[in-house]
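# Build me a structure from this.
(2 chains)
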Amino acid sequence: MYFHQILLFIIHKFNGERSQTASYYLLKGKKSGQTIQDVTYFQLHSFFSLFPKLSKESYDEAIKILRQNEYVQIENAYISLTEKGFQQVKNMEKPGFNGWLYRGNEQIFWKRVELIVQTLSQFKFQQKKFIPNQKDIEIQHFVKKYFQKRDFQSLQFYTSFKLQLFQLLESANLEKFQKELFVYRLSGYKKSGLTWDQLTNYYSKTELDLKFAFIECLHILIDAISKEQHPDLFDVLDGIEVEVPLTESAVKTNNLFSKGYSIEEVAEMRFLKKNTIEDHVIEIVSADPDFPVEPFISNEQIEKVLEIADKYKSKKLKLIREYVPDLSYFQIRLALTKGEEVNG
Amino acid sequence: MDKLTEVLQSKFGYTSFREGQKEIVEQILAGRDVVAVLPTGMGKSLLFQLPAYLLTGSVLIVSPLLSLMQDQVEQLKMIGEKRVVAVNSFLTFAQKENVFQNLGAYKFIFTSPEMLQNNRFNKILASIDIAYIVADEAHCISQWGFDFRPDYLRISKWLQSNPHSNVVALTATATKKVVEDIEKTLCMQKPFSYIHSVDRPVIAYEVKEVETQQEKKDWVIQRIISTSGPGILYTQSRKKSEMYAEELKKRGVKVSYYHAKMDQEDRILVQQQFQQGHLEWICATNAFGMGIHKDNIKQIIHDHIPTSIASYMQEVGRAGRNGEQSIASLIYCARDVEQAFFISIKDFPEEIDIKYYFQNDEKIIQLPETTTRTLKYWKEELSEKETIELFSSIKQAKWLEIQKLYDLFQNDQCVRKQLLHYFGEELITRPNNCCTVCSLNPTEILYSREPTVFKKDILNWNDRLNELLPL
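Predicted coordinates for the structure are as follows:
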């Protein structure tokens, strides 16, 4: 049920105000203004870009099953939980994902660890020539450099790396089967990891469930690595966290803002639509609470919008605008984004 | 000890050459163009690797298959060669620049035919010292070869427009016609050609026709659960490979499926588990085989009629590399002929597609990527009418080849003799276990398989970590 639970959780957060594709784009990490802004509106940071390779077929299939089981309903193109679905979510533990921060980069962490363990294992058995499981040149280069900086053939490094990995797995807040997934996906001397198909058979779970559980496991592990306790693993994390959680295009827009250009001017300079630049503003504000919004909206206006949203328990732009017709949709979106920062 | 044997020992760790190797290496060193046709597993790679150590300059290896290129690079790195690089579309811009700046420092430069279109790459190639050029999987050059890659023809133009050193063409399977094509396309001057017999005396050919698909499935399953592997079952679709794996697993066989739709990591794990002996059987599509280094494969089973004789030979050729008696079994129904034809032309453009492609913007058309690439090539070379004629004649040739293969399996002549005949060879000595038609006693070849009690291993992360990284 893992994948389904995640979907129910997200649909719950969307509060019946989004279509059924919104959660798909969220999990895929679509870098559109709408999706990025949804992340902030609905506090969905943990799920953003969790599974960039998710296929539309698997997603649609899951939604179909959730509908058949009457956990979710679709009305006027909006998807929401049924009472039965809500009961499911109520008892759910909060998942340990941190999609906003890692955005699929946890796979890079995984590949590095996989290659390090494979190498250490082969060397332990005097096999200095072996074929790396990781074919990605970037990964190979990283691990090579990582080893070059250390006395990696020494017993001391071997022991401390293993101990840190062991300690991390032991203490991390993971389910037993997640630790098994992690360790049994690793390979070493005369020991190959298990394929997803083999693990699927062993646990009688679907492949997607296991893959999500694996991603959660990686996020929890990365979160738990500390410089003091796991110095050797800490160095493997280089570049895994997204530093500026902005799309490339938004970064360019942001640079122009900092030079004092207006939305209209940036749009003209970048040959983009005004709408797109407005999306960037929302994205920038989501990522950087200190970004000055005064040029676009006043504090009173923000408060007004938030009052209305609170009063009518809705973030539907159309509804809010009925009460503040002098504000643009962009301004309302901006106000809602600021509001999330205060609450969240 | 002569110089060649010395390098063979110091670099590759072998004490003596295999049949044909020394001759070919000597010809390459003498600067002659060479065509070498050697079955897989006969030390083909060594032919282009060894001379590099006796000549100055880099070796440029053109390879049409990216996965194969990667395997070759890994194999060289395994023997401790660090001066090896693959220049292909997988490199990022920055990586490419980095490589370009030091290109001459690499002893082995692998590349794809597409990359030879890159002007910057060509300029740098022209500025460095090239010892010789290798065309790997050269049968792809010929449209008569079973996996023709039109992109590969670009190498011909490249050779014509670039002054170059001698060319070495390597392939595992080529008929006389294909060899002629290779020589012509690669502009070879009186090449030395070495054509090894395609005969593998240790492989016995078993052929069986049944009435229904169900009978076929029952036979395959019965064979696999009652006789010993390791083995590969070749099927025609991903679905079938998964179905067979599932059925066999239920009966206690250690088996996995393998096809191109799996994650790369999982494909590697399956290969390893098979190589390490953790898996007895692989149920695979034709995606399986490239880069498999396993010499004790006992059985190859085909549950269908292959789309060409050459691809069939390549697949069965994975058995018995250790020189032990092995068996290749093919079980089919009459209706499989049409299926084989359908599969072999499924990516072919129809006449209407070709017309559309020639008359409209290339990007609009919805065709598989390989088809589009093929068409793109021919659009530059031929007229619309000629292209239509070309595809119709290739289609016809495919149909004839499949018919021929079907006839070969059906008639009452020696299978081995006919297979050899296709490659222009005569059968001289017939092994004891030859084929279904001559003489074959599978029980002499196959040991019976002990039925295993399927016991579920309990996973324990702590123990496993200690196995991977023992103290």
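# And residue B:198, which helix or strand is it part of?
Assigned by DSSP states H and E, residue B:198 falls within no helix or strand.
# And residue A:265, by the same measure?
helix A:263-269.
# next one: residue B:331
Residue B:331 belongs to strand B:326-332 when assigned by DSSP H and E.
# what's that strand packed up against?
Applying 3 or more CB pairs under 8 Å, 6 or more residues apart in numbering or on different chains; DSSP states H and E, we find strand B:326-332 packed against strand B:203-209, helix B:213-226, strand B:299-302, helix B:442-445. (Each C-beta comes from the backbone N, C-alpha and C, glycine too.)
# try 6 Å
Judged by 3 or more CB pairs under 6 Å, 6 or more residues apart in numbering or on different chains; DSSP states H and E, strand B:326-332 is in contact with strand B:203-209, strand B:299-302.
# which of those strands sits most buried?
Of all the helices and strands packed on strand B:326-332, strand B:299-302 has the most neighbours on average by mean count of other CB atoms under 10 Å in any protein chain shown, namely a mean of 24.
# Quick one: mean pLDDT over it.
The average pLDDT within strand B:299-302 is 97.
# What strands flank that strand, and is each parallel or antiparallel?
Paired neighbours of strand B:299-302 in the sheet (DSSP bridges): strand B:231-234 (parallel), strand B:326-332 (parallel).
# Deepest-packed of these, please.
Scoring those by mean neighbour count under mean count of other CB under 10 Å gives strand B:231-234 as the most buried, with a mean of 26.
# The helix or strand where residue B:467 lies and chain A, are they touching?
Element membership for residue B:467 (DSSP H and E) is helix B:461-468. Yes. Using CB under 6 Å from any CB of the partner chain, a contact is recorded between helix B:461-468 and chain A, made by B:461, B:464, B:465, B:468.
# Pipe the residues you listed into a markdown table and attach neighbour count and pLDDT per row.
A markdown table is the format used below for these (neighbours: other CB atoms under 10 Å in any protein chain shown; pLDDT from 0 to 100):
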| residue | neighbour count | pLDDT |
| --- | --- | --- |
| B:461 | 21 | 95 |
| B:464 | 20 | 96 |
| B:465 | 21 | 96 |
| B:468 | 23 | 96 |
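# now, which of these sits nearest residue B:426?
Taking CB to CB as the measure, residue B:426 sits nearest to residue B:468 out of the residues of helix B:461-468 next to chain A, at 53.3 Å.
# who are the neighbours in contact with residue B:158?
Applying CB atoms under 6 Å, 6 or more residues apart in numbering or on different chains to residue B:158 gives the contacts residue B:116.
# State the distance from it to residue B:119.
To residue B:119, residue B:158 is 12 Å away according to CB to CB, to the nearest Å.
# so where's chain B shaky on pLDDT?
B:143-147, B:361-365, B:452-455 (pLDDT under 70).
# Can you tell me which residues in it are near chain A?
Checking chain B against chain A by CB under 6 Å from any CB, the hits are B:74, B:78, B:266, B:268-269, B:272-273, B:276, B:459, B:461, B:464-465, B:468-469.
# gap between residue B:318 and residue A:112?
As for residue B:318, its distance to residue A:112 is 33 Å (criterion: CB to CB).
# ok, now residue B:283?
33 Å.
# These two: who's more crowded?
Taking neighbours as other CB atoms under 10 Å in any protein chain shown, residue B:283 and residue A:112 compare with residue B:283 leading, 30 against 24.
# Quick check: the more buried one is in a strand.
Yes. Using DSSP: H, G, I helix; E, B strand; the rest coil, the assignment for residue B:283 is a strand.
# what sits against it?
So residue B:283 contacts B:233, B:241, B:244, B:245, B:257 (CB under 6 Å, 6+ apart).
# Make JSON lines out of these and add secondary structure.
Output for the contacts of residue B:283, formatted as JSON lines (three-state DSSP):
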{"residue": "B:233", "secondary structure": "strand"}
{"residue": "B:241", "secondary structure": "helix"}
{"residue": "B:244", "secondary structure": "helix"}
{"residue": "B:245", "secondary structure": "helix"}
{"residue": "B:257", "secondary structure": "strand"}
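# Any idea how many residues pack against residue B:129?
Number of residues near residue B:129 (other CB under 10 Å) recorded here: 10.
# again, but for residue A:300
The tally of other residues near residue A:300 (other CB under 10 Å) stands at 8.
# in stretch A:232-243, what counts as buried?
A:232, A:233, A:236, A:237, A:240, A:242 (16 or more other CB atoms under 10 Å in any protein chain shown).
# For chain B, state which of these is nearest.
When the buried residues of stretch A:232-243 are compared for distance to chain B (CB to the nearest CB), residue A:232 wins out at 12.8 Å.
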